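Asks: my questions concern the predicted model and sequence given below.
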Amino acid sequence: MKLLRVRPLTKEAFAPFGDVIETKSEFLTINEGKAQRHHDLAKVDVESEGGRTLINIFRATPWDRPIGLRVMERHPLGSQAFISMNGRPFLLVVAKAGIPPGPQDLQAFVTQPGQGINYAKGTWHHPLLVLDQPDDVLVVDRGGSGHNLDEIDIIGWNLGLEY
């Protein structure tokens, strides 16, 4: 199995695929000085073809290691955000939006504690990959009519992650 290199997640490296969701040094003070509002952290894009915003919790369990990559998916009608409710890191395997990717197009990242991500509309990604222990992950994505899931089988690529 060929192993994909996993890099730390940064806003610059992830920009072709979407947004990194994390607190910024800039914020608004609200609620009589008792809260900091870190504003406009991701572009939620779900309104095409009558879509609406969904807020979900995925209860995810870790995959066996080494992690063999099986499928890539994309959501052509809406963005999809993932934020660990426990602040735990998780893995990302992504490719740019557009035609189905090949093995050379994939990039892998690991979030840092407290980081979440928002995949841009159409970004190819592997299903959620939590690490070491089960995790509840807040997911903001699109509901509504229209075809919003494309998948490709990549088992034959014999790619994996060792983290």
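Replies: Received the coordinates, thanks. Numbers count the residues shown, from 1 in each chain.

Asks: OK, contacts around the residue lying closest to residue 120 once chain neighbours are set aside?
Replies: Spatial nearest neighbour of residue 120, chain neighbours left out: residue 18 (4.1 Å); criterion: C-beta to C-beta, 6 or more residues apart in numbering. (Each C-beta comes from the backbone N, C-alpha and C, glycine too.) Shown in contact with residue 18 (C-beta atoms under 8 Å, 6 or more residues apart in numbering): 42, 79, 117-120, 123.

Asks: look at the residue of the chain positioned farthest from its centre and report its pLDDT.
Replies: Distance from the C-alpha centroid of the chain peaks at residue 32, with 33.9 Å (C-alpha atoms, centre = their mean). For residue 32, the model assigns a pLDDT of 96.

Asks: ok, and it, which helix or strand is that part of?
Replies: Counting by DSSP states H and E, no helix or strand carries residue 32.

Asks: return the distance of it relative to residue 66.
Replies: Here the criterion is C-beta to C-beta, to the nearest Å. By it, residue 32 lies 51 Å from residue 66.

Asks: now the helices for the protein?
Replies: Ranges of helices within the chain are 11-14, based on DSSP state H.

Asks: show me the contacts for residue 148.
Replies: 51, 75-78, 142 are the contacts of residue 148 under C-beta under 8 Å, 6+ apart.

Asks: ok, so of those, who is nearest residue 149?
Replies: Using C-beta to C-beta, residue 75 is the member of the contacts of residue 148 that sits closest to residue 149, with 6.2 Å.

Asks: bridge partners for the residue nearest to residue 120, pull those for me.
Replies: Partner residues in beta bridges with residue 18, using DSSP bridges, are residue 119.

Asks: circling back: export the contacts of residue 18 to TSV and tack on neighbour count?
Replies: Below are the contacts of residue 18 laid out as TSV (neighbours: other C-beta atoms under 10 Å):
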residue	neighbour count
42	18
79	22
117	24
118	23
119	26
120	22
123	24
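
Asks: what's around residue 131, how many residues?
Replies: Residue 131 has 18 neighbours, counted by other C-beta atoms under 10 Å.
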